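Enquirer: Here you go, sequence then predicted model.
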Amino acid sequence: MNTAYLIHLANYSDGVLYILAGLLVVALGVIVDRFWYLRRTILRGSLFVREIAQHGRLDRETLQRLADEAGDLPEAALLKTAVIHSGYVLGDPLASRLEESILIMAPQLDRRLWLLDTIITLAPLLGLFGTIIGMFHAFSVLTAPGHAPTAVTGGVADALVATATGLFVAMTGLVAFNAFNNQVRQILLQLDSVKTILLNSMDGHPMPDNRENILQAVAPKVASAVARAV
């Protein structure tokens, strides 16, 4: 199969094969980009989750240091949220704020996967469309006088190449799309693990100094009032 024959097949489908080739290039570009990002995020995130789990109580300084170490990992957003609310918000309110950070981060994980989803659906339809056009060309030779029977069968074979190409592009995209969805779920699980670790490690963390001073100033007055009441 040489270049001239490939050009003949593309022209036989009235350019549909050129479009399918473009879709394949786009799909491969998305696959390379998402594979690199998601795989790196999973590997680094797994190590980072284990590092966070090794700590006991997490104070503001430790949280800030971990957030700086996280860099561009999705876990950094959770740690920065924990730094902001450390000592001020605990329990369910803190869990809600951490969940909000995960929801904001989620679209970054499946970015451009909609392209693969679209190509998976569009490629077989384009391939079928190209085959139908090729069939028109194949059977048009019947109108010519003295046509050879092999011309029709050869034209049908050339027309079916478009359908085969569309199916190949769709299958390639489908395998990658399912694999990436699984990786996104793994990253979201890592983020949920970090959220749980932060909630457990920050539960009961002492309040900042200014609040402690207020409590220390109020406590004797409360004790005195209770003693008088008794």
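Expert: Alright, I've got the coordinates. Residues are numbered from 1 along each chain as shown.

Enquirer: where are the low-confidence patches of this structure?
Expert: 1-13, 87-90, 138, 140-155, 203-230 (pLDDT under 70).

Enquirer: please redo it, this time with the cut-off set to 90
Expert: 1-19, 40-41, 43-112, 129-163, 190-230 (pLDDT under 90).

Enquirer: Of all residues in it, which one is nearest the centre?
Expert: Note on the chain: the residue nearest the mean C-alpha position is Asp110, at 2.3 Å, using CA atoms, centre = their mean.

Enquirer: Tell me who's in contact with that residue.
Expert: Neighbour list for Asp110: Phe180, Asn181, Val184 [criterion: CB atoms under 8 Å, 6 or more residues apart in numbering]. Bear in mind the C-beta positions are built from the backbone N, C-alpha and C, glycine included.

Enquirer: Mind checking which of the residues you listed are in helices?
Expert: Among the contacts of Asp110, DSSP state H puts Phe180, Asn181, Val184 in helices.

Enquirer: hang on, the first one packs against Leu116?
Expert: Yes - applying CB atoms under 8 Å as the test, Phe180 and Leu116 come out as touching, 7.5 Å apart.

Enquirer: export the ones in helices among the contacts of Asp110 to JSON lines and tack on neighbour count and distance to Pro93?
Expert: Supplementary listing: these in JSON lines, determined by neighbours: other CB atoms under 10 Å; distance: CB to CB, whole Å:
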{"residue": "Phe180", "neighbour count": "22", "distance to Pro93": "34"}
{"residue": "Asn181", "neighbour count": "16", "distance to Pro93": "32"}
{"residue": "Val184", "neighbour count": "18", "distance to Pro93": "27"}
